[in-house]
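Participant: Predicted structure and sequence below. I'll ask about it afterward.
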Amino acid sequence: MNLTPVKTPLVVQKLFPQYTWEIASDSKEIYLTFDDGPTPEITNWVLDLLKQYDAKATFFCIGKNIEKHPEIFQDIIHDGHTIGNHTYNHIKGWKTSVVDYLENVNKAQQVINTHLNYIAQNQKSSIANLQSPISNLFRPPYGQITPKQGTQLIKLGYKIIMWSVLSIDWDAFVSRKICLNNVITKADSGSIIVFHDSVKASKNMQYALPKVLEYFSKKGYTFKSIE
Ligand SMILES: [Zn+2]
């Protein structure tokens, strides 16, 4: 049984106001996010689908995975999505010292910056299509981050992005329909929704995501990346 709340309770958001839980919005906008990539085939499957709906999203990438699959990282950028840092190798904040945590995030950031600069330099002609090569978004793996780690990262200029709705796509005990329902029943204007472009989550994600895009598009929503 999964006890993770699908929708982040307001009390949690109020306890940690220094983190971003949703985007204040008057219009019908939804912020899809994808964690743990880039992953061969799965990330590109997501990119193709987003294109069909003219949807933009935010990809919280693992540094190690960017090193393994730089061409997929490049595809994400070329499609005009935003990148966020998700640590170098998906570490747990509560089990890691502040120093080690900052070092790990910094290591991932070096990888991100190196690849963003490389892409920007080699695509001068189409640079207008690229977003700012600077990225300061960070999402802690498992949502685990201690107050000290959070404070230090904010001091270093990171914007910490949590979420308002979890699809719980990664959980093998959650059915595809429940995963879809988690998003459809809880998301609203300004919601930050978590999906995963990972192998583990692919069964649920690949079922729910097309239906989420279809459902909210029909209701007049647009999908935006976090700036
Ligand atoms: Zn993750």
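Facilitator: That came in fine, so what should we check first?

Participant: Check which residues of the lowest-mean-pLDDT helix or strand in the chain are buried.
Facilitator: Using mean pLDDT, DSSP states H and E, helix 10-15 stands out as the lowest-scoring helix or strand of the chain, at a mean of 88. Within helix 10-15, no residue counts as buried by 16 or more other CB atoms under 10 Å. C-beta here means a position set from N, CA and C on the backbone, and glycine is covered the same way.

Participant: and stretch 196-205, anywhere near the ion?
Facilitator: No: taking CB under 5 Å from the ion as the criterion, stretch 196-205 and the ion are apart, separated by no less than 6.8 Å.

Participant: I'd like the mean pLDDT over that stretch, please.
Facilitator: The average pLDDT for stretch 196-205 rounds to 97.

Participant: how far out from the middle of the chain is it?
Facilitator: Mean-position distance between stretch 196-205 and its chain equals 13 Å (CA atoms, centre = their mean, to the nearest Å).

Participant: correct me, but N136 touches K159?
Facilitator: Yes: using CB atoms under 8 Å, N136 is in contact with K159, at 5.5 Å.

Participant: Work out the gap between the least confident helix or strand of the chain and the centre of the chain.
Facilitator: 20 Å.

Participant: going on from that helix, what's the next piece of helix or strand?
Facilitator: Per DSSP states H and E, the first helix or strand lying C-terminal to helix 10-15 is strand 29-35.

Participant: Any chance you could list what contacts that next one?
Facilitator: Applying CB atoms under 8 Å, 6 or more residues apart in numbering, the contact partners of strand 29-35 are 22-23, 43, 46, 50, 55, 57-60, 84, 86, 139, 141, 161, 163, 187, 189-198, 212, 216, 221-226.

Participant: Can you tell me the number of residues neighbouring the spatially closest residue to L102 that is not a sequence neighbour?
Facilitator: Distance criterion CB to CB, 6 or more residues apart in numbering; nearest residue to L102, sequence neighbours excluded, is Q152 at 5.8 Å. For Q152, the neighbour count with other CB atoms under 10 Å is 16.

Participant: For Q152, which three-state class applies?
Facilitator: helix (DSSP: H, G, I helix; E, B strand; the rest coil).

Participant: now check the helix ranked longest in the chain, is it near the ion?
Facilitator: As assigned by DSSP state H, the longest helix anywhere in the chain is helix 98-122. No: Helix 98-122 does not reach the ion (CB under 5 Å from the ion); its nearest approach is 11.9 Å.
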